[in-house]
Structures are given as structure tokens and as C-alpha cells.
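Asks: no sequence for this one, just the structure:
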């Protein structure tokens, strides 16, 4: 029981199982960790619905995490999970001096969070983080969010949400990066092209391989790395064989977040062909690591230095050729937003 300090309850589909679990939702976990550092007196409690795959309560970087082992099961098991979460949330609301609830994604967490906040008369915000802004979000009609209760992660998501639901969100708070974690420079950029993310259809790593195949015809010694895991791995391996790119592209599997940052510092171009992104933090991390970034997605209305947005595979190939052909490429650090700034903006919503 903590009635003295203010408490913020965060509802999330998943959360790291321990402090070494760096690949689980990198942005949410960095946000929560930095939020605690920004205001050490704030009592933060995270309720993780689906992952970790164990029902437990544990301390993660001075933050209390309660996991419910939902395992993304549907039907009656999903309803039972909601009942268990609701009961635990009611206990927490009574035992703590709760300033508000923050929900990650407009989904089941936002549904539970809305009615808990309404019952206990506390502030409640839902952070749009990606595909939850798309049309046909089945939770939208259940939640019926108000513009003042929604936070968009990017200008792009705010526009997408308005296009699909005719709600103009009142708050846009983009993701920051930890500017302390990539302080060490690596002099040699021995990786021409880097990709990082889940190997799923949305990320379009087949386009990554096709673009590298096209560029390799004029640059046969090109070196590319893709780090990540997912159901598309076998398909991508077959494509590498089909294009005879064994000497050019490595699929190195899932690596830790610090290892991804090291790879970014060694890379000339970070290539991100994803078809849809709310605001991929890998883009801002790559920019801060000094890589030039090439993607289809433009998260904010402003264009960041060294971030190049294209609209077709051909344009991506041509721009990549141009960037790799520069004699004196700009690998200076580009700072977009800091995570401290992101945390302060979130806390302001609850304290106003």
C-alpha cells in the first residue's frame, strides 16, 4: 500500500520479464524507466496483460510490474483475463494515491483503463502507438475515446486517426531516445546497410533484399545486415539464395538493444522499408548513431536532417545508390527528441 506518493498506473499488453529483456517493446520500457528516473518519488505500477508468460509481481528498475500471463488467448479466456485484471486494478486503486492511468495502444488496455478511471474519477490517457490508429480497430466502438483523452505518438498517427475516426487528438507526444546510451563513437562504418525489426510482412524486408540485390549489381562488395526474428525468416533466406546474396546480406537473428545500437554506429545507411509505422524509434536511434536513414514512413510534419523519405521501391533503390556513392557522407549525430522531454510532456498532462 502506498498512500503517500502519487501513483501512475500503466496498462500494457506486454512488458519486459526482467531487466535483461531489452528486446521486449524497447520504446515503452525505455519510457517507463526514464519516467521513474525523471520523478523518483512517483510510484509506477505496470499491469502487463499478455506477456511475460507467467503470472507474477516483480520489481523492474524500481518499478512494480504485475503480469497476468494472458498469452494472447481469445474468447472466454480473454474475458477471464479482463476479469482478473479488473479485480486487481480495483485493489490497486483503493490501496494507492492514484493520479491517473496511462494505456499503451487503443486496445484492451484502453478499454479496461477507461472504465477504471471513470469509476475512481482519475485522469486517463491512451497513447496511440501504431496500428491501433488504423481503420477497423474493433475496440474503438467499445471505448468511444474523446479527443482530449488520446495521445498520438506522431503527427502521422494523429492524421491517420482523424482520417479513420474523425477525431482530432489534442495531444501529440513523440518518442524520445536515451541520449546517454550511444555516447561512444565507432570510427569505422563497415556496414553499408542495416535493417532492424521483426521479420513480419508489415516490415517488408523482402523489399530490403530486392533493393540490395539491385544495388549490388553496381556495388558487388556491398554489405548489409538485418537483425530481428519472425515468421518471414525462411522466406527471406530463400530470397537471399535466389538473388545469390550470401556474400552481401546477413540475417543475424534477434540481438539485444545495446547490440542494435552498436550496429547502427557502424552503419552508413539504416534502411527501413516498413509499410506502416506510428513512429519507429529505430529511426531516431539510427539518426542519433550517425547513420543516414531511408524509409517510406514520415512520422512528423517536419523532416529530420539525414532522414530521407521515399514513396516507391525504385526511388528507394536510387536514393540508396546516391547515399552510398557520396564521397563525404554526413554521419553527424541528429537529435530529434530526448526521452526526458517525452516523460516531462506526459507528466504535464496528469499534473495540469
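Replies: Sure thing, it's come through. Bear in mind that the values here come from a model prediction, so they are computed numbers and not experimental data. Residues are numbered from 1 along each chain as shown.

Asks: which stretches of the stretch 151-300 of the chain have low pLDDT?
Replies: 181-187 (pLDDT under 70).

Asks: now the stretch 1-150 of the chain
Replies: 1-3.

Asks: can you pull out the helices in it?
Replies: 26-38, 76-95, 108-120, 140-143 (DSSP state H, counting those that start in this stretch).

Asks: in the first one, what counts as buried?
Replies: Right, helix 26-38. 26, 27, 28, 29, 30, 31, 32, 33, 34, 35, 36, 38 (16 or more other Cβ atoms under 10 Å). (Glycine included, C-beta is placed from N, CA and C.)

Asks: give the other helices and strands that the longest strand along the chain contacts.
Replies: Secondary structure of the chain per DSSP state E: the longest strand is strand 2-14. Strand 2-14 sits against helix 26-38, strand 43-51, helix 76-95, strand 96-104, helix 108-120, with contacts defined as 3 or more Cβ pairs under 8 Å, 6 or more residues apart in numbering; DSSP states H and E.

Asks: what's the closest of those to residue 16?
Replies: Closest approach to residue 16 among the helices and strands packed on strand 2-14 (Cβ to Cβ): helix 26-38, 5.2 Å.

Asks: could you find the closest non-adjacent residue to residue 58?
Replies: Excluding the flanking residues, the one nearest residue 58 by Cβ to Cβ, 6 or more residues apart in numbering is residue 65, at 5.6 Å.

Asks: cool, and residue 118?
Replies: residue 124 is the one closest to residue 118 (Cβ to Cβ, 6+ apart), at 7.6 Å.

Asks: how about residue 160?
Replies: residue 133 (4.4 Å).

Asks: now the strands for this structure?
Replies: 2-14, 43-51, 55-60, 63-68, 96-104, 123-128, 150-152, 171-172, 191-196, 224-227, 249-253, 267-272, 292-295, 307-309.

Asks: turn those into TSV, including mean neighbour count and distance to residue 79.
Replies: Formatted as TSV, the strands of the chain follow (neighbours: other Cβ atoms under 10 Å; distance: least, Cβ to Cβ, whole Å):
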stretch	mean neighbour count	distance to residue 79
strand 2-14	19	16
strand 43-51	23	13
strand 55-60	13	17
strand 63-68	20	13
strand 96-104	23	19
strand 123-128	23	21
strand 150-152	24	25
strand 171-172	19	31
strand 191-196	25	36
strand 224-227	22	37
strand 249-253	16	36
strand 267-272	25	37
strand 292-295	24	39
strand 307-309	19	42
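
Asks: please consider this matter closed, and thank you.
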